[in-house]
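S.K.: Below are the sequence and a predicted model for it; my questions follow.
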Amino acid sequence: MPANSNMSTRSTRLMLWFGRLSKIDKLFFVILFLRILYALVGTAGFELPGAGIVGFLFLILCLVFLIRWLPRFIRILLWRVRHRLLVTWIFVGVVPIVLFCALVAQGLFFLMGQLAGYMTSQEIARHSESVRSTAYALAWNLNHRTSSVSLPMLTEAFVGQTSEREHGEFGAIVHTGANVFAVPPSGPIREIPNWSKPDFVGLVKDGANYYFGAHVLLAEATGKTEVFLYQRPAPDFFANLLPGVATIVPDQGRATAGGIDIQKTERRRSRISFSSRRPDDPDPNIRRLDPPAGRGWWDFAVRWVVLMPTTDLTTGKSDRTLTVVASRPSLITKKLFSTLGDAAGIAFVLMAITAIGLLIVEIISVLFGAKLTRSITRAVADLYDGTQKVQAGDFSHRIPIRKNKDQLSELAGSFNTMTERVQDLIVEVKEKERLESELEIAHDVQSQLFPKELPRLETLELWGGCQPARSVSGDYYDFISLGPHQAALAIGDISGKGISAALLMAHIQSALRSQFMERKNGAQTVGNGVSPSHILSILNNHLYTSSAPEKYATFFLGLYTDENSQLIYTNAGHLAPMLVRGRNVSRLPGEGFPVGLFPGVPYDQQILSMKSGDLLAAFTDGITETPNNRGDEFGDQRLADLLVRNAEKSLDDIAQQIRTSVAEWTGDLERHDDTTLVLARRL
């Protein structure tokens, strides 16, 4: 069952994969299947109809498939840097070497072939000159013979001796005086060809037969003799023309003005195509065109073409007969260096040493290039894995730093440093988020500390507000109801910013309200022990003993009573509030030490009798000392002008006007100080 289940799963996957293919791809695989089927049936000896059409369609679809999928395959192949470097290395390092080796091999092949052809031509020319020299010797002997020796007898003896010595069939046509005769009389050439002129020398062709011919004219005082000497080469002449160097097969065609014309019958052409001759083949010129044995696989066969000049015996037409030469580089170089004798081996040894040295350098270069490629691709793979880990959120992953001191190892170190810093930043961000969350909680808690309801007095209207520069504020303001006709108002500025100032502000508020509640529950009045100076003295000593030495607060505390419309206040180092009466603005007198700096500090208090329409504004330095883009502060005068211009408006409108003016003054600058404002108007 498991095997059947696996087969079913594979079949399902195959069908799904085939269903996702395009129509052209599906057609290609169908034709591929048919092509394989036709090939299998063909190997069995059967032939299905339509094989040609299937083969044609297969070629066309292969081309289409290649055009469609080759770019995609190249993109997939070259996606990895390792493959890109490998392809680059192949194009830069391997392809030039292969092309250079191919060029050298081709050049060596051409050079060896041309050398073999040159040696063949030189041997034929040398033999032709030997025949001409023999012809001159015969003419001289005929001119200097004794009278008792007949011309035919002397010619026959000379030709016979020459044939025995040269291992070839010689013949001569002699024309001296009135005598013209041929030796032998029944030879293949019985008269001097009409086209031949004295000084002719070369190969003469009569059908399939070749002759070395030479036409000489020797005119001396003893007489004038004209000789046409010819030699019919032995059947193995061309085979032994370059013994141990090359195999030569003549009469493979002829060269014309339009190119090379292979003049062979179908039968001969099939047997000349570099295959061995059948034992019953009567043609002696047709032999196996294989070079002599080589020294190894590297000693390749070189087959070359020589255009051998020939003259037709009947017509005298000059032609070039195609002759094929087969040899090997080792045989040709051995022949070339034969003049050096035993020293030729030294040259070959030096060449072998140079080749081995170049091969060693190439192997070292390949290994070194592979090592460099591996180091680069391994570093890139490490970086890719690292980026994948970082993308997945694993900032603890570190790339292994190799021992190589190079830019890639520095890059790995930089990546590790970056991820470490990112990890630290994440911790910091989380800590910051935690702090911001705590600050938000602190802000919510602090907002609960500010008064939610204002005391309702018959003769005084109150307003207060605080705008923190950060999440929490170090400024403090408060309204405390002490009965239906009495209330306390307070404003303060705690040293420092942020959480520490906010905590100190909450501490001060708690202590201040505790003092007032204690005296309120004890039925004490302003005139009977409840005074701002006394409360601030107690608050000063409490803050001094319960906070750090550098912590303090400026404070303004006032007690207002409806009965006499008086404000009894104490200023502990705070900015003097402004009193707007009509069109005039004055600052409330009185000042003292901030609370919390020194223990046992006495505080004075003053009395302000407020008249109907009076506007009192107490504020922190976050309003008057706010700078603009040029560094100029908002200042007391601008605040005073705003209070005078808007004194008749409601307290909410006055506060909104002040906030808007301060915001326009600062512009885009970030505010670094809290702004707190307390307003009181005598009704």
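M.R.: Perfect, thanks for sending it.

S.K.: just the helices in the stretch 551-683 of the chain please.
M.R.: Remark: helices assigned in the stretch 551-683 of the chain by DSSP state H, counting those that start in this stretch are 621-624, 636-645, 651-666.

S.K.: Kindly state which of these is positioned closest to Arg583.
M.R.: Closest to Arg583 of the helices of the stretch 551-683 of the chain, according to C-beta to C-beta: helix 636-645, at 6.0 Å. All C-beta atoms are positioned from the backbone trio N, CA, C, and that covers glycine.

S.K.: hmm, back to that, from the helices of the stretch 551-683 of the chain, which stretch is densest packed?
M.R.: Among the helices of the stretch 551-683 of the chain, helix 621-624 has the highest mean neighbour count (mean count of other C-beta atoms under 10 Å), at a mean of 22.

S.K.: Quick one: list the elements packing against that helix.
M.R.: Using 3 or more C-beta pairs under 8 Å, 6 or more residues apart in numbering; DSSP states H and E as the contact test, the elements touching helix 621-624 are helix 636-645, strand 675-682.

S.K.: helices and strands around the helix or strand in which Gly464 is found, which ones?
M.R.: Assigned by DSSP states H and E, Gly464 belongs to strand 460-467. Judged by 3+ C-beta pairs under 8 Å, 6+ apart, strand 460-467 is in contact with strand 475-483, strand 486-494, helix 651-666, strand 675-682.

S.K.: Going by neighbour count, list what's buried in the helix or strand following the second one.
M.R.: Okay, so that is strand 486-494. The first helix or strand that comes after strand 486-494 along the chain, using DSSP H and E, is helix 498-521. Using 16 or more other C-beta atoms under 10 Å as the burial criterion, the residues of helix 498-521 that qualify are 498-509, 511-513, 515-516, 519-520.

S.K.: Repeat that for stretch 543-554.
M.R.: Using 16+ other C-beta under 10 Å as the test for burial, stretch 543-554 gives Leu543, Tyr544, Ser547, Lys551, Tyr552, Ala553, Thr554.

S.K.: Stretch 100-120 too?
M.R.: By neighbour count on 16+ other C-beta under 10 Å, the buried set for stretch 100-120 is Phe109, Met112, Gly113, Leu115, Ala116, Gly117, Met119, Thr120.

S.K.: Tell me which of the residues you listed fall in helices.
M.R.: Phe109, Met112, Gly113, Leu115, Ala116, Gly117, Met119, Thr120 (DSSP state H).

S.K.: what helix or strand is Glu410 on?
M.R.: helix 407-449.

S.K.: what inclination does that helix have with respect to strand 460-467?
M.R.: Helix 407-449 runs at 170 degrees relative to strand 460-467, counting by axes from the mean of the first three to the mean of the last three C-alpha atoms, to 10 degrees.

S.K.: could you say what helices and strands helix 407-449 packs with?
M.R.: helix 344-391, helix 498-521.

S.K.: From the chain's centroid, how far away is the helix or strand containing Trp69?
M.R.: Under the criterion of DSSP H and E, Trp69 resides in helix 51-77. Distance of helix 51-77 from its chain centroid, counting by C-alpha atoms, centre = their mean, to the nearest Å, is 28 Å.

S.K.: Next SSE downstream of that helix?
M.R.: Trace forward from helix 51-77 with DSSP H and E and the next one is helix 81-89.

S.K.: any idea of the mean pLDDT in that next one?
M.R.: Mean pLDDT, computed over helix 81-89, is 75.

S.K.: Run through who's touching it.
M.R.: Leu77, Leu78, Gly369, Thr373, Ile376, Thr377, Val380, Ala381 (C-beta atoms under 8 Å, 6 or more residues apart in numbering).

S.K.: gap between the nearest residue to Gly386 once chain neighbours are set aside and Glu166?
M.R.: Using C-beta to C-beta, 6 or more residues apart in numbering and skipping residues adjacent in sequence, the residue nearest Gly386 is Ile399, 4.8 Å away. Noted for Ile399: a distance of 86 Å to Glu166, by C-beta to C-beta, to the nearest Å.

S.K.: Specify which residue of these two has the higher count of neighbours.
M.R.: Ile399 (21 against 17; other C-beta atoms under 10 Å).

S.K.: how's the chain carved up into domains?
M.R.: 23-77, 80-327, 338-448, 450-682 (automatic domain parsing).

S.K.: Now Glu436. Nearest residue, chain neighbours left out?
M.R.: Closest to Glu436 by C-beta to C-beta, 6+ apart is Ser471, at 7.2 Å.

S.K.: Could you report the neighbour count for the one you found?
M.R.: Other residues within reach of Ser471, judged by other C-beta under 10 Å, total 18.

S.K.: Quick check: phi and psi on Pro400?
M.R.: phi -70, psi 130 (degrees, to the nearest 10).

S.K.: What sits closest to it if chain neighbours are left out?
M.R.: Asp382 (6.4 Å).

S.K.: how close does the one you found sit to Phe395?
M.R.: 16 Å.

S.K.: Run through the residues that contact Thr417.
M.R.: Contacts for Thr417 were tallied using C-beta under 8 Å, 6+ apart; there are none.

S.K.: From Asp385, how far out is it?
M.R.: Distance from Thr417 to Asp385, counting by C-beta to C-beta: 17 Å.

S.K.: And for Gly592?
M.R.: Counting by C-beta to C-beta, the separation of Gly592 from Asp385 is 69 Å.

S.K.: So between the two, which is more surrounded?
M.R.: Gly592 (21 against 13).

S.K.: Which positions in stretch 556-573 come out as buried?
M.R.: In stretch 556-573, counting by 16+ other C-beta under 10 Å, buried: 556-562, 565-573.
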